[in-house]
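Student: sequence? don't have it. structure:
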């Protein structure tokens, strides 16, 4: 490294460890402000397009029926979900999103556990890696979600001991299925990350395979694990929403999207509230994973973070 | 047999063996336990449905593949343009990057019913659009990374040669971003197929893979539904492999030791 | 010397990073230095002594905080715009997507040379660094030493009177390094360039230079200038000569003297 580079950033290496979390929070806060500005811009453009649509022909329908005003959407949140009902649209959407979140998080946890286990097995046994990895990689390029309607068909007819398999389990299963693949690939790459020197060092200490895994492979897999966790979390959310749509499971945000889209003639703004619910669901799960990320990478230098 | 071939074979036979064992076990399980097709159709039944109506499979995959390709082209184009703007103007970068990070976690597919309302639901347009939006983000993120993550020494070199900012973009940043572009494409291309397929679950024309999987399942034609799934898998793989092939051909230096 | 103006002249140059902030660092303190036309100067010193910073001020890659820097009688900025210097770095910094020849052509392209002239000039330079056979190869097909020779050819492309070299052989193994040093001396003989060369290695500085500028960290400053009386014709035998060892000792003592007994630190530079 040239010494100019060292001189130009003298404070960074010293301050990183102690201020890491605070610095990331501050940077995160600034990003949130910019994101809010971006959202503001989207709102402005939405209204601008609507207004222009009155005078200039647009390639799409800009009427209040399909593109309600932003304030109509906000107002729609407070309206009763169905005529005469006590629950508002917002409350219904929140409870649907919450239900979907439990399914997504459940699927995420199952998927991550299985993905990690498979990665350890693939790392340990060369044959397993050579045999399974091509499928794991290929499966990432393949629309697994196409299976969703079929898995539900299976699910409705299975009893495992006293437990009656319900479509809820099917949704969670699909979410887990989607979450599992990115994680196992990322984890495997991470477990294989330690340098030959580090491995030889551990061998010179007569470390057992278990110690090797705990003391070296797991810690060095973290920079690979974190982005994989983010992808997996997003996949489990998408998996949940799509599975709810294709299975028709009630109570979640996916089904609600379809139902509200059908009510467009009576309450055109309703479907937008459901879309916001789906977006909020995704952001919430991402925030949970980010908290996990901050915890996992607390001891890493700034440079090695993705 | 040459050594290189023997070496390559070492990587070929384990997956082939596992695939054959898996299919064999599947077939055996279905036959031995007399499992009904609605639970799990035998591989032989799926193959029978797939090859029995190969023309229909092709036509259906072609429809969804076209939607995916259109969305991929539009989304990629928009992603590249926005990345160039973000590299050039800090404001654009500040505005779009956190949105892109946030939206990566969001089921964008949920926009489909809205787009179905705004555009004619009987056309392909809403599906192409939602595919394009989904494709946009990995392309934008990766291309921006490629434009920005230039080796500092190469920037100093360009400056020492008195290169103007526009020249730096053309001779350094854009070529530097090409491998990143392909990284984005390898994510985006299969994603486009998935998006095009899932968008069909929200209603509209019934010609595509997603619609046909759902309707076959609903009509208890499970062998056929699984055959469409096979067609979807092949479509996704074809998209991915084309990207890999173009990458190998155009950027032979990636994956090698970079000249330091 | 003979030139009517100096290749480089620094008059009271300071470089202070983060001035006024708690993490202020004085990278260069009151540097006075002149490099005569055709002279070979090495800058040597431990990490953080500001030798690379000084080179970057000369190249207009960073500004001096105070003081006056002239390159061939003009400001560094003008010198960069007129391409009065060529630069080589520790990393070859070749573009993977260009052939070896097109890498050498890059500065000419930026100067708007036409295609045929560019090509013949690049071939001429590749001839000089003995890589003409590799003109159409890709950089990643070349060894580290060969890549560095391409980078040197590139720095000579616009035929600048001055070469600025920032540890160009720092990443090479010792054998390759000595070969490259001989090659650089030969190129210098053939072209008569002025050269400012940054290095960590005492023998390298001595073998190549007319004068060795010794620098010291915290704050970065010039502490000594050691003339090297080895003449202009240097070859492998020079490395074995008593005069060579005497100069190595002189530079080492200059380094040690100013690092205040911390001999370890000075020895870092010896490799």
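Tutor: Ah, there it is. Remember, predicted model here, so these are calculated numbers, not experimental data. Residues are numbered from 1 along each chain as shown, chains lettered A, B, ... in the order given.
Student: C-alpha from now on. contacts and neighbour counts both.
Tutor: Will do.
Student: what's the burial count for residue B:162?
Tutor: 22 (other Cα atoms under 10 Å in any protein chain shown).
Student: what does residue B:60 give?
Tutor: Around residue B:60 there are 21 residues (other Cα under 10 Å).
Student: and residue A:46, by the same measure?
Tutor: Residue A:46, neighbours per other Cα under 10 Å, totals 16.
Student: quickly list what residue C:15 is bridged to.
Tutor: residue C:28 (DSSP bridges).
Student: is stretch B:171-190 in proximity to chain A?
Tutor: Yes - Stretch B:171-190 comes into contact with chain A (Cα under 8 Å from any Cα of the partner chain), by way of B:187, B:190.
Student: run the chain-centre distance for that stretch.
Tutor: In terms of Cα atoms, centre = their mean, to the nearest Å, the centre of stretch B:171-190 is set 14 Å apart from its chain centre.
Student: is it anywhere near chain C?
Tutor: Yes - under the criterion of Cα under 8 Å from any Cα, chain C is reached by stretch B:171-190 at B:172, B:175.
Student: where does pLDDT dip in chain C?
Tutor: Low-confidence segments of chain C (pLDDT under 70): C:1-4, C:258-271.
Student: contact residues of it facing chain B?
Tutor: Residues of chain C found near chain B (Cα under 8 Å from any Cα) are C:59-61, C:80-81, C:83, C:86-89, C:91-97, C:107, C:110, C:139-140, C:144, C:147.
Student: please list the members of these that lie in helices.
Tutor: Within the residues of chain C next to chain B, residues falling in helices by DSSP state H are C:80-81, C:107, C:110, C:144, C:147.
Student: after the longest helix seen in chain B, which helix or strand is next?
Tutor: Counting by DSSP H, the longest helix found in chain B is helix B:54-88. Downstream of helix B:54-88, the next assigned helix or strand under DSSP states H and E is helix B:90-103.
Student: so which residues make contact with that following helix?
Tutor: For helix B:90-103, the external contacting residues (Cα atoms under 8 Å, 6 or more residues apart in numbering or on different chains) are A:31-32, A:34-35, A:37-38, A:279, A:283, A:286, B:85-87, B:137, B:141.
Student: the ones in helices among the residues of chain C next to chain B: which two are farthest apart?
Tutor: C:81 and C:144 (29.9 Å; Cα to Cα).
Student: between those two, tell me which one has more neighbours.
Tutor: residue C:144 (20 against 17).
Student: could you double-check that that one sits in contact with residue C:172?
Tutor: Yes - when contacts are counted by Cα atoms under 8 Å, residue C:144 is listed as touching residue C:172 (6.7 Å).
Student: now the phi/psi pair for residue A:194, please.
Tutor: Dihedral pair for residue A:194: phi -50, psi 140, per degrees, to the nearest 10.
Student: typo on my end, residue A:276
Tutor: phi -60, psi -40.
Student: let's see the pLDDT reported for residue A:261.
Tutor: Confidence at residue A:261, expressed as pLDDT, is 83.
Student: show me what contacts it?
Tutor: A:268, A:270-271, B:113-114.
Student: now with 7 Å?
Tutor: A:271, B:113 (Cα atoms under 7 Å, 6 or more residues apart in numbering or on different chains).
Student: give me the element it is part of.
Tutor: Assessed by DSSP H and E, residue A:261 sits inside helix A:253-262.
Student: for that helix, the distance to its chain's centre please.
Tutor: For helix A:253-262, the distance to the chain centre is 21 Å (Cα atoms, centre = their mean).
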